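In: Need a 3D model of the following:
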Amino acid sequence: MNHISNRINQLSESQTIAMSQRSAELKAQGKDIINLSVGQPDFHTPDHIKEAAIQAINDNYTSYPPVPGYKDLRETIAQKLKRDNNLNYTFDQVIVSAGAKHSLANSILAIVNKDDEVIVPAPYWVSYVEQVKLAEGKNVVIPTLLENNFKITPEQLKESITPKTKALILCSPSNPTGSIYTREELEAIAQVIKDSGQEIYIISDEIYEYINFKGKHQSIAQVDFIKDQVIIINGVSKGYAMTGWRIGYIAAPLHIAKACAKLQGQVTSAACSIAQRASLEAISGDQGFTKEMTKAFKKRRDLLLEGLSKIEGIQKYTPEGAFYLFPDITYFLGKSVNGKKINNDQDLCFYLLDDANVALVPGSAFGSPNNIRLSYAASEDELKKAIERIKTSLEKLE
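Out: Numbering: from 1, shown residues only. Now for the predicted structure:
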């Protein structure tokens with residue numbers, strides 16, 4: 001007998017986490033696995049941030065923090081939004097949570113009712129559609145094209161809006177594609193939302209803000225006439241190599257911020273006190289590390305693109321941010337090796353894991369089954385080795 005709720009039964013396992021775990025198991029068995037499935041920087045948290053955490057321990061920041069986060073951290077985030085994005089928010093419009101994923105879940109649960117529709121461009125980050133399911137909403141998935149750098153068009157958005165539309169989830173820079181929306185593209189999207197005449201929220205996932213190879217980050221909240229319908233999701237994980245510290249935040253209209261704080265107060269309470277103090281230093285302190293890390297990622301991206309260009313059949317594009325490539329692998333589907341047929345993207349990823357000892361994530365995890373995701377959050381030597389192994393294994397398919 002199954003006593004688990006329907007709510008949990010309908011959720012999918014995270015394929016990114018599953019692939020990472022599978023590669024860790026093989027590594028533990030002594031196999032030389034190169035893991036390109038991981039969505040985290042392979043850099044250590046900078047020393048000045050770690051020192052702030054140690055100081056916080058010594059200063060006895062060991063009691064429950066306020067549910068929405070320490071006031072000085074929320075004020076610092078508001079100052080960051082002004083400094084980096086020219087956006088005006090008050091500290092009480094900022095809610096600090098246990099990672100950007102938590103911030104996203106709070107936001108979706110705060111605004112989505114049963115059968116409300118949420119527009120999700122594909123490829124999407126794996127948790128978007130699952131969190132909408134948790135809120136009993138309905139995902140309206142819009143496929144995008146590699147030729148358009150996987151970006152939704154205003155026409156597609158307009159066609160997808162119905163009287164039940166409650167929100168649009170936008171991710172720029174994008175996981176899994178690395179695509180970035182221009183200011184003009186964001187304005188066009190905002191105009192479609194405005195012209196609909198409905199109160200449709202835009203959940204803008206900006207966690208990869210600083211890993212941007214084309215210039216200054218653009219937020220859809222910078223479009224004045226739509227700002228009051230935007231919920232910004234961000235955090236310290238990617239830009240400061242602080243994935244394990246688990247600090248994310250939203251900046252939103254006050255009624256949304258209050259709703260998220262109310263929900264958080266009943267589910268998790270505040271995020272870790274020590275991690276909050278470290279995050280204050282990350283956001284307000286020296287930003288040099290972030291710039292150097294981004295420079296390293298750009299170099300690795302170029303290395304990977306050059307390597308992939310030597311593999312027949314892979315269709316690629318040039319990502320403008322984050323640390324992922326999302327090539328099209330349709331050419332290899334239906335091919336075989338040693339009597340075993342590659343029917344889909346998952347077959348291909350497991351074949352490459354077993355034959356090339358390289359861990360990747362199937363595109364179907366992100367709503368795009370003709371693709372695979374490669375993370376270049378790995379050393380240049382590992383990336384060179386991985387490309388050689390992938391090339392050798394793919395050439396065996398016929």
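
In: make it CA atoms for all contacts and neighbour counts henceforth
Out: Will do.

In: residues in contact with the closest residue to Ile226 other than its chain neighbours?
Out: Among residues not flanking Ile226 along the chain, Ala190 sits closest, at 6.2 Å (Cα to Cα, 6 or more residues apart in numbering). With contacts defined as Cα atoms under 8 Å, 6 or more residues apart in numbering, Ala190 is in contact with Ile220, Val223, Ile226.

In: just Glu209 next, same as before
Out: Glu209 makes contact with Ser172, Pro173, His217, Gly239, according to Cα under 8 Å, 6+ apart.

In: Could you confirm it falls within a strand?
Out: No - assessed with DSSP: H, G, I helix; E, B strand; the rest coil, Glu209 is coil; it does not lie in a strand.

In: For stretch 180-187, give the mean pLDDT please.
Out: Averaged across stretch 180-187, pLDDT comes to 98.

In: ugh, wrong one, I meant stretch 31-40
Out: 90.

In: start to end distance for it?
Out: 22 Å (Cα to Cα, to the nearest Å).

In: what's in contact with that stretch?
Out: Taking Cα under 8 Å, 6+ apart as the rule, stretch 31-40 contacts 16-17, 19-20, 23, 26-27, 237-238, 241, 243, 353, 357-361, 373-378, 382, 386.

In: Please flag which of these sit within helices.
Out: Thr16, Ile17, Met19, Ser20, Ser23, Leu26, Lys27, Leu353, Glu382, Ala386 (DSSP state H).

In: Going through the contacts of stretch 31-40, which ones are buried?
Out: Neighbour-count burial (16 or more other Cα atoms under 10 Å) is assigned, among the contacts of stretch 31-40, to 16, 19-20, 23, 237-238, 241, 243, 353, 357-361, 373-378, 382, 386.

In: could you point out where the stretch 51-200 of the chain is predicted with low confidence?
Out: Nowhere does the stretch 51-200 of the chain drop to pLDDT under 70.

In: Okay, strands next: where are they in it?
Out: Ranges of strands in the stretch 51-200 of the chain, per DSSP state E, counting those that start in this stretch, are 94-97, 117-122, 138-143, 165-171.

In: Closest to the centroid, which residue in the chain?
Out: With distances taken as Cα atoms, centre = their mean, Asn175 lies nearest the centre of the chain, 4.4 Å away.

In: Break this structure into its domains for me.
Out: 6-44+289-394, 47-286 (automatic domain parsing).

In: quick one: the longest one to chain centroid distance?
Out: Taking the mean of its C-alpha atoms, domain 47-286 sits 10 Å from the chain's own mean (Cα atoms, centre = their mean, to the nearest Å).

In: sorry, back to before: where's the residue nearest to Ile226 relative to Pro154, distance?
Out: To Pro154, Ala190 is 9 Å away according to Cα to Cα.

In: now swap in Ile119 and tell me
Out: Taken as Cα to Cα, the span from Ile119 to Pro154 is 13 Å.

In: So these two - more neighbours on which side?
Out: Neighbour totals were compared for Ile119 and Pro154, and Ile119 leads with 22 against 18 (other Cα atoms under 10 Å).

In: Hmm, Lys164 and the more buried one touching each other?
Out: No - the criterion here is Cα atoms under 8 Å, and Ile119 misses it with Lys164 at 10.5 Å.

In: Let me see the ranges of the helices in the stretch 251-398 of the chain.
Out: Applying DSSP state H, counting those that start in this stretch to the stretch 251-398 of the chain gives helices spanning 254-267, 273-284, 288-308, 345-355, 380-394.
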